[in-house]
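Colleague: Structure for the following, please:
(one chain, ligands or ions: 1)
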Amino acid sequence: CIAVCPCGALSSNSTAIDEVWAALRDPKKTVVCQIAPAPRAALGEEFGLGSVDVTAKLVAGLRKVGFDKVFDTVFTADMTTIEESNEFLGRVTEGKNLPLFTSCCPGWVKYAEQFHPELLNNVSTCRSPQQMFGSVLKKKYTQDLGIKAEDMFVVSIMPCTAKKYEAKRPEFMTDGVYDVDAVLTTVEAARLFREAGIIFDSLEDSAFDQPMEQATGSGVIFGATGGVMESVIRYVAGKLLNAQGRVDVEFTRGMDDTKIASLSVNDIKLSLAVVNGLAATEALIQKIQSGELDVHAVEVMACPGGCVGGGGQPCQNDSKARQTRATEIYNIDSKMVLHKAQDNEDLDKIFNKYWGGCCNHETHHDLHTHYHPKRQIAGNDIVIKDAEGPEVT
Ligand code: SF4
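Modeller: Model prediction:
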């Protein structure tokens with residue numbers, strides 16, 4: 001029922017395909033696409049290819065339908081890892097606002113705003129990778145191209161219907177226009193290709209555009225439950241333990257709805273939790289609030305299995321399909337040359353060029369956000385009213 005959907009997903013399920021076609025036909029628009037991690041392991045199912053990595057064909061298809069630039073949301077997943085890991089380490093040092101809850105999943109963020117406003121200071125202030133990319137593109141990349149934010153149309157290919165709602169949150173705007181103009185689910189991306197008459201499996205492979213081309217395995221695994229936590233652990237192990245090789249984490253992986261483990265970093269002992277599905281999330285919150293469980297950080301994904309099982313992914317979207325896609329996500333990660341977020345040299349250059357580095361006042365302005373207790377949704381519009389208590393920043 002739309003009226004009670006706690007995630008905003010059901011209030012924003014209309015397709016944006018016609019808007020995307022209109023933008024692609026508009027000569028005044030520079031039309032840019034970003035591709036989330038999870039669709040690359042599922043889109044092939046729509047074309048009889050199974051749950052295999054179709055990233056290069058997806059990029060080629062988007063170029064063929066007319067996108068001017070195609071970028072990888074994995075780039076800003078790496079950005080999220082760096083901003084969020086440093087936020088986490090800062091909170092551990094200060095002993096403040098712990099446990100930190102991740103903020104990549106708009107289904108979870110809306111649930112927290114609606115049902116747990118007392119936790120909003122614990123939710124990471126990082127924008128999701130989708131919204132970080134939107135902000136980078138509209139606030140900064142437009143300047144590189146010498147165009148206004150209103151002349152760029154940003155489309156996201158996402159596994160998720162709640163991402164449509166997230167893109168319409170009023171705080172995610174630049175110069176009066178949304179940072180992300182349209183969100184297509186994995187299934188809608190397949191429909192876009194069919195409408196264009198594209199034979200998907202005969203497309204020649206194509207690569208992402210520069211200057212934000214590099215991506216790491218850490219960003220790819222954001223597509224499955226446990227991936228954000230593993231990315232943070234990889235980053236922290238590299239930064240604090242000077243780990244040079246691969247850091248593969250076992251406890252975060254797999255489809256169990258709740259995973260908890262402790263690890264020691266130098267003389268700090270950290271207890272970490274990963275949950276997927278809102279029932280498991282609520283149960284975990286109850287344990288934390290009753291004092292039964294003490295953890296420093298919690299990764300939350302609203303969908304079973306994380307984004308591989310998102311509401312915009314192809315049917316069959318059952319536990320077997322989710323597991324198969326997650327396995328492919330980790331296969332992709334295992335083959336990638338770059339492993340930890342800090343290995344991404346393009347990202348390092350972008351941090352320096354746009355904000356003079358990472359994790360500073362400037363990145364906080366452009367890449368972080370704030371939350372509203374009891375945010376209201378009316379149709380496709382988000383209305384901030386009847387908020388109980390002050391805005392939380
Ligand atoms: Fe969207 Fe589900 Fe992923 Fe959350 S877990 S971001 S609701 S697909």
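Colleague: and this structure, which residues reach the ligand?
Modeller: 105-107, 159-160, 162-163, 301-303, 306-307, 310 (C-beta under 6 Å from any ligand atom). C-beta here means a position set from N, CA and C on the backbone, and glycine is covered the same way.
Colleague: from those, which ones fall inside helices?
Modeller: Within the residues of the chain next to the ligand, residues falling in helices by DSSP state H are 106-107, 162-163.
Colleague: Next one: the residue lying closest to H368 once chain neighbours are set aside from the ligand, what distance?
Modeller: Leaving aside its sequence neighbours, H368 sits nearest to T125 (C-beta to C-beta, 6 or more residues apart in numbering; 4.2 Å). From T125 across to the ligand, the span is 17 Å (C-beta to the nearest ligand atom, to the nearest Å).
Colleague: if we can go back for a sec, turn the ones in helices among the residues of the chain next to the ligand into a markdown table, including distance to V52, pLDDT and neighbour count.
Modeller: Shown next, in a markdown table, are these (distance: C-beta to C-beta, whole Å; pLDDT from 0 to 100; neighbours: other C-beta atoms under 10 Å):
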| residue | distance to V52 | pLDDT | neighbour count |
| --- | --- | --- | --- |
| P106 | 27 | 97 | 26 |
| G107 | 27 | 97 | 26 |
| A162 | 26 | 96 | 29 |
| K163 | 23 | 97 | 29 |
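Colleague: farthest pair in those residues?
Modeller: G107 and K163 (9.1 Å; C-beta to C-beta).
Colleague: Report how many residues lie close to the residue nearest to H368.
Modeller: By other C-beta atoms under 10 Å, the residues close to T125 number 20.
Colleague: Could you report the separation of the closest residue to E204 other than its chain neighbours from the ligand?
Modeller: Sequence neighbours aside, A60 is the residue nearest to E204 in space, at 5.7 Å (criterion: C-beta to C-beta, 6+ apart). According to C-beta to the nearest ligand atom, A60 and the ligand sit 24 Å apart.
Colleague: Where does A60 sit, in terms of helix or strand?
Modeller: helix 55-65 (DSSP states H and E).
Colleague: now that helix, how far from the centre of its chain.
Modeller: 20 Å (C-alpha atoms, centre = their mean, to the nearest Å).
Colleague: What's the mean pLDDT across that helix?
Modeller: The average pLDDT within helix 55-65 is 98.
Colleague: in the chain, what residue sits furthest out from the centroid?
Modeller: For the chain, the residue at maximal distance from the C-alpha centroid (C-alpha atoms, centre = their mean) is D267, at 31.3 Å.
Colleague: Backbone dihedrals for that one, please?
Modeller: When quoted as degrees, to the nearest 10, the phi and psi of D267 stand at phi -100, psi 10.
Colleague: cool, and the one 4 residues further on?
Modeller: The phi and psi values for S271, taken as degrees, to the nearest 10, are phi -110, psi 130.
Colleague: Please report the distance of it from E87.
Modeller: Distance of S271 to E87, given as C-beta to C-beta, to the nearest Å: 18 Å.
Colleague: check contacts around the residue nearest to H368.
Modeller: 87, 103, 364, 368-370, 393 (C-beta atoms under 8 Å, 6 or more residues apart in numbering).
Colleague: Right, I'll call it a day here.
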